[in-house]
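J.: Here's a sequence, model it:
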Amino acid sequence: MSVFKLLNKDIQNVFFSPKTIEYVGLSSKLLFYYFFILTLVLMLFSIIVGSLTNFFPNESEIVIPKNITFFKVAIISPIIEEILFRLIILKNRFNYVLFFIYFLIYILYEKFVIPIILYQILVISFLFIIFFKKFDYKINISSDSNNSMLLRVYLSCLFFGIFHLTNFNHISALNVIIIAYLFSKFFAGFIFILLRIKFGIIASIALHVFLNSFSYILIY
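T.: Purely as a prediction, here's the structure:
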């Protein structure tokens, strides 16, 4: 099967049968091809959504925070979001334990219980966990049915989209920009999940880091 046909099949499977996507790991030669094509797809979506502001100038716009650092946008946010939205796509006890630990860390940070430096150290520590082959193996295995995984995939993408609506200063169900933005994030969730299942969570983190870095450079 050609690489293009395999990618096309995996894209279809992530929407309908994610359990059938074969895990190949980071060492696979497919990684660069998937990464390149899927990056172009997501960047195209971002350009389309961004261009809508030219046609709907009176609609709500994304709030651009001041004094936000590159490190937070390009490194910390992608890691914590991949943990919260993609880690438990593959169901096992180890992933659920990690998810709840980092979910608690995130909540404590948002409630100003722990300082930002400690929060960033704890988030970065996740990368050290997955560098151990034993833990990396556990993170990338699953033992449940396709229907169960499919439900988590769609819920993950939905919550991922809703989570990013906080970037707007005003939310309206009739706002064209918000609807398009929500859809783009919902769709992006499937792309990240495809990489997460096919190559491991480090691959989805890497794509997320690249896209956030690119966005930060353009905006700031």
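J.: a helix runs through residue 67, doesn't it?
T.: No. Assignment of residue 67 by DSSP: H, G, I helix; E, B strand; the rest coil gives coil, placing it outside any helix.
J.: Which pLDDT does the model give it?
T.: In this prediction, residue 67 carries a pLDDT score of 78.
J.: From residue 185, how far off is it?
T.: Between residue 67 and residue 185 the distance is 24 Å, computed by CB to CB, to the nearest Å. C-beta coordinates here come from the backbone N, C-alpha and C atoms, glycine included.
J.: Please point out which parts of the strand or helix carrying residue 117 sit buried.
T.: For residue 117, the enclosing helix or strand under DSSP states H and E is helix 116-130. Neighbour-count burial for helix 116-130, counted by 16 or more other CB atoms under 10 Å, picks out 119-120, 122-123, 126, 130.
J.: Same check on stretch 213-220?
T.: Neighbour-count burial for stretch 213-220 [16+ other CB under 10 Å]: residue 216.
J.: My guess is residue 198 contacts residue 21. True?
T.: Yes. With contact defined as CB atoms under 8 Å, residue 198 reaches residue 21; the gap is 5.7 Å.
J.: okay, these two: which has more neighbours?
T.: Using other CB atoms under 10 Å, the more surrounded residue of residue 198 and residue 21 is residue 198, with 25 against 19.
J.: who's in contact with that one?
T.: When contacts are counted by CB atoms under 8 Å, 6 or more residues apart in numbering, residue 198 touches 10, 21-24, 30, 34.
J.: Can you say which helix or strand has residue 178 in it?
T.: Using DSSP H and E, residue 178 falls within helix 176-199.
J.: Appreciated, that's everything.
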